[in-house]
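In: Build the 3D model from these lines:
(2 chains)
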Amino acid sequence: MIENKKNILIFLTAVLFSVILIFLALFIGSTPIEPADILDYIFNNSENISTSTAIIIGEIRLPRIILAFIVGAGLAVAGAVFQAIIRNPMVDPYIIGISAGAGTGVMLALFLGIEIVVFNLNSLPVFAFLGAVLTVFIVYQLAKVGNKLPVLTFLLAGVAVSFILNSMMSFLMVLRTENLQQLVYWLMGSLAGSAWKDVRMILPYFLAALAVILFYLKDLNILLLGEESAVHLGLNVEKTKVILLGAASLLTASVVAVSGSIGFIGLVVPHMARIIIGPDHRRLIPLTALIGASFLLLADTAARTIMAPMELPVGIITAFAGGPYFIYLLRNKSKDIW
Amino acid sequence: MKIMLQTDKIKFSYNQEEILKGIDLQIKSGSFIGIIGPNASGKSTLLKNMSKTLQVDSGTVYLNHKLLNDYSSLELARKMAVVPQNTEVSFNFNVYDIIMMGRHPYQKRWSGISKNDKKIVNEVMEVTDTFKLRSKLIKELSGGERQRVIIARALAQKPNVLLLDEPTSSLDINYQAEIYDLLNYLNQKWDLTIITVSHDLNLTAQYCEQLILLNEGEIFASGSAEEVLTEENIREVYKAEVLIKSNPLSDKPFITLIPEVNKFKKKKEKKEFKIHIIAGGGTAKKFIYKLDNLGYRLSIGVLNIGDADWQVARELGVEIVEAPPFIDISDNEIKRNKELIEKSDLIILSDLPFGHGNIANLEVLLDYANKPKILFSNLNIEKRDYIKGKAEKIWNKLLEEDDNIVLLNDKSQLISEIKKLEN
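Out: Now for the predicted structure:
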């Protein structure tokens, strides 16, 4: 019971923190806006404020905040799921090349000029998904030694595949010289220029993938016991793994389609959440989502304000925070970091 | 009796190597079975085939008269629980959560923890003595505690059969007994059918009512511990020389490896140098092995039948002059002892105590002033004399009259002293 109260408190704090961050992000920006106008916009339906202010708030800042929230939550949850399936806390969609795979899928679609929209469903995330799934499959096969999946070979295979995919992306980018800066920013991971259409594009995929993961939270716990034990507890391990890998890849793909490769959130955030609330995925995944969302929102707000009016790709900031953390994890015995 | 688990000519190969070559087993409900055998004999593989972790190449496995393959994974998890070899959990769940995961086969996806789940988890925590650990993190536990938690989780599945793969291989000796005591209790009180794979022959012999000895993928022997653990079987399967005694506490066979004999057996050549040993009460058993191993020709006497030294000497095939226990050594035995002494190049007298029964063993030395002798003098003769100074008197006379005596204070110097005399 004490345990439950503590957990409720943790979640209330996380939600409160997110809400405060959202407000903060609305107030801060390269164009100064009176806080009173913002409150007016929110509570009085923007009748009394100028159109330009309304556009800045409603069409620029708000969609970007929402998108940062979705992308942050998506990457963090995908990271946590990959970590549980591979049973290795060093795994992150960025490090093992899934982000790069999704990115290459998007690049290829853009290069070939394929963009189909059916019933509001955009095909870009689908290409990203195909790229991501293909990458997972290749990295997994490369890293497998017999029946085992050693941590180091997995990381190395991921890094190697990332290199190849990144160079492919660069090559495609050079061939398609218009919008170069925009593409470079996208490659580094950025939320610049996001609009409601981006939110609309990824939301269906994001929600579908998240729903699947939420459906399998208990199974994630059991997978952590090791595949053999999981089988003996009556879990259909192979099926569960395929479904969850697919869902986490879709999650990664949908967010990469709009934000490019933002690194390390999937690594750092699940670990932070695990320290706070323990390894039980029924609590870990929701908290990971909340912290991931807040983390990226914070990083993105920093990205657009530190050097205003110039914008930094947010991927630079997350990598600055995540890189050293990754080194710390590498130096630690992997036993102590779950 | 009901058959719980049955295997019918099961075969299994890995990388084209046949690991199991047709295993037929019938395991009765409520039995406690130990599967033993050397490394690579297929014992873990057999367990994995019985638990559907590995799929048999041919043959069939029945659980409760139903084909194992006809069980869904959830159904099977309600009938059979497995404690795998590696139970290390590398993340920080607490003990209660880990044990509660054993209820997974009974829980629907969205249903929470039911009253019944709680009741059963409490029950298994009690029987495995893990209740006090329930809010601890799994990583904080000792190896033995962790193993009990894993067993508790298996019990929470409410299985009919419990399979364990080397449940004590990484545990200290005190925890080993604890785990087997627990298994024994579960077998007796809960009527749980238990099948355990182990390389610890003594532990399984003590606890399991039936042993199955595997060798190169086939059943070499099965039955009670006494039937399976014979010196011949072990020699054949393990290529090792052992001594099998009966554990005085349980009356079950107890195996002792005969040291070094195995290793050097092939090289061992008998020397010409003959040593006669006078000992008793286990005062010589340590060095008899060594000397035999070094190739000395040994004889020993007079020993009481059943004496610790007698057992060792007999096991090694040393020539013995033996006498029935609890009565004085007879003239006939003294005469035979003398015959052996005369043939020997050296006499060793261990630090044995003297009483009426064996004083003749000391007296006999007076007749061989010319033979080299090594007398253990680490224990004072007064303390070993139980016949009011008579032994001491003989001892002192011996030291006075005899120039061929080496007194040995430090027993570890025995071999080097013998080597000196040998040259």
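In: got the domain boundaries for chain B?
Out: Annotated domains of chain B cover B:3-249, B:261-422 [automatic domain parsing].
In: what's the most buried one of the ones you listed?
Out: Highest mean neighbour count among these (mean count of other CB atoms under 10 Å in any protein chain shown): domain B:3-249, with a mean of 18. Backbone N, C-alpha and C define where each C-beta goes, glycine included.
In: Can you give me the first-to-last residue distance of that one?
Out: One end of domain B:3-249 to the other measures 32 Å (CA to CA, to the nearest Å).
In: Give me the three-state assignment for residue B:281.
Out: coil (DSSP: H, G, I helix; E, B strand; the rest coil).
In: hmm, back to that, can I get the domains of chain B in TSV with distance to chain A and mean pLDDT?
Out: Shown next, in TSV, are the domains of chain B (distance: least, CB to the nearest CB, whole Å; pLDDT from 0 to 100):
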stretch	distance to chain A	mean pLDDT
domain B:3-249	3	89
domain B:261-422	34	86
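In: Make CSV from those and add distance to residue A:137 to it.
Out: What follows is these, written out as CSV (distance: least, CB to CB, whole Å):
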stretch, distance to residue A:137
domain B:3-249, 24
domain B:261-422, 51
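In: Locate the residue of chain B with the greatest distance from its centre.
Out: Most distant from the centre of chain B: residue B:110, at 49.4 Å, with distances by CA atoms, centre = their mean.
In: where's that residue, which helix or strand?
Out: Counting by DSSP states H and E, no helix or strand carries residue B:110.
In: show me the residues around it that make contact.
Out: By CB atoms under 8 Å, 6 or more residues apart in numbering or on different chains, the contact list for residue B:110 is empty.
In: Next one: it from residue A:214, what distance?
Out: Distance from residue B:110 to residue A:214, counting by CB to CB, to the nearest Å: 10 Å.
In: swap in residue B:294?
Out: With CB to CB as the criterion, residue B:294 and residue A:214 are 73 Å apart.
In: for residue B:346, same thing?
Out: From residue B:346 across to residue A:214, the span is 85 Å (CB to CB).
In: SS state for residue B:407?
Out: Under three-state DSSP, residue B:407 falls in the strand class.
In: which residue packs closest to it, ignoring adjacent ones?
Out: residue B:377 (4.3 Å; CB to CB, 6 or more residues apart in numbering or on different chains).
In: who are the neighbours in contact with that neighbour?
Out: B:351, B:407-409.
In: Then residue B:146?
Out: Residue B:146 neighbours (CB under 8 Å, 6+ apart): B:87-89, B:138.
In: again, but for residue B:174
Out: So residue B:174 contacts residue B:144 (CB under 8 Å, 6+ apart).
In: Where does the prediction get shaky in the stretch 101-250 of chain A?
Out: A:113-122, A:147-149, A:151, A:177-179, A:182 (pLDDT under 70).
In: and the residue of it nearest chain B?
Out: Of all residues in the stretch 101-250 of chain A, residue A:234 sits closest to chain B, at 3.1 Å by CB to the nearest CB.
In: Do a quick rundown of the strands in the stretch 1-150 of chain B.
Out: Ranges of strands in the stretch 1-150 of chain B, per DSSP state E, counting those that start in this stretch, are B:3-14, B:17-28, B:32-36, B:58-63, B:66-67, B:80-83.
In: what's in contact with the host helix or strand of residue B:393?
Out: Using DSSP H and E, residue B:393 sits in helix B:390-401. Helix B:390-401 is contacted from outside by B:354, B:359, B:362-363, B:365-366, B:369, B:375, B:381-382, B:384-385, B:405, B:407, using CB under 8 Å, 6+ apart.
In: Greatest separation within those residues: which pair is it?
Out: B:369 and B:382 (23.6 Å; CB to CB).
In: Report the separation between residue B:55 and residue A:234.
Out: Separation of residue B:55 from residue A:234 (CB to CB): 17 Å.
In: for residue B:84, that is, sorry about that
Out: For residue B:84, the distance to residue A:234 - CB to CB - is 15 Å.
In: can you check residue B:76 too?
Out: Distance from residue B:76 to residue A:234, by CB to CB: 7 Å.
In: Can you say which helix or strand has the residue sitting nearest the centre point of chain B in it?
Out: Residue closest to the mean C-alpha point of chain B, counted by CA atoms, centre = their mean, is residue B:202 at 3.4 Å. Taking DSSP H and E as the definition, residue B:202 sits inside helix B:201-207.
In: Just the CA atoms of that helix, as CSV, please.
Out: Extracted in CSV, the C-alpha atoms of helix B:201-207 (Å, rounded to 0.1, in the frame of the first residue of the first chain):
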residue,chain,number,x,y,z
LEU,B,201,26.0,-38.2,-7.0
ASN,B,202,26.0,-38.1,-3.2
LEU,B,203,23.3,-35.4,-2.9
THR,B,204,21.0,-37.2,-5.3
ALA,B,205,21.8,-40.5,-3.7
GLN,B,206,20.7,-39.1,-0.3
TYR,B,207,17.4,-37.6,-1.4
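In: centre of the chain versus it, how much separation?
Out: Relative to its parent chain, helix B:201-207 has a centroid offset of 7 Å by CA atoms, centre = their mean, to the nearest Å.
In: State the next helix or strand along the chain beyond it.
Out: That would be, after helix B:201-207 and using DSSP H and E, strand B:210-215.
In: and that following strand, what does it pack onto?
Out: strand B:32-36, strand B:218-223, helix B:225-228, helix B:231-238 (3 or more CB pairs under 8 Å, 6 or more residues apart in numbering or on different chains; DSSP states H and E).
In: Please list the outside residues in contact with it.
Out: With CB under 8 Å, 6+ apart as the criterion, strand B:210-215 contacts B:25, B:31-38, B:41-43, B:46, B:204-205, B:219-225, B:228-229, B:233, B:236-237.
In: neighbouring strands for that strand, and are they parallel or not?
Out: strand B:32-36 (parallel), strand B:218-223 (antiparallel) (DSSP bridges).
In: tell me the angle of the longest one relative to strand B:17-28?
Out: What that stands for is strand B:218-223. For strand B:218-223 against strand B:17-28, the angle by axes from the mean of the first three to the mean of the last three CA atoms, to 10 degrees is 20 degrees.
In: Please compute how far strand B:218-223 lies from its chain's middle.
Out: Worked out by CA atoms, centre = their mean, strand B:218-223 lies 18 Å from the chain centre.
In: Could you check the angle it makes with helix B:231-238?
Out: 150 degrees.
In: Check the first one too.
Out: Counting by the same axes, to 10 degrees, strand B:32-36 lies at 60 degrees to helix B:231-238.
In: could you dump stretch B:218-226 to CSV, C-alpha only?
Out: Extracted in CSV, the C-alpha atoms of stretch B:218-226 (Å, rounded to 0.1, in the frame of the first residue of the first chain):
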residue,chain,number,x,y,z
GLU,B,218,21.4,-43.8,-23.2
ILE,B,219,20.1,-45.0,-19.9
PHE,B,220,23.0,-47.0,-18.3
ALA,B,221,21.2,-47.9,-15.1
SER,B,222,18.1,-47.0,-13.2
GLY,B,223,16.7,-47.9,-9.9
SER,B,224,17.4,-47.2,-6.2
ALA,B,225,20.6,-45.5,-5.3
GLU,B,226,22.1,-48.8,-4.1
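In: the helices in the stretch 51-200 of chain B, which residues?
Out: With helices called from DSSP state H, counting those that start in this stretch, the stretch 51-200 of chain B shows them at B:73-79, B:95-100, B:115-127, B:143-156, B:173-189.
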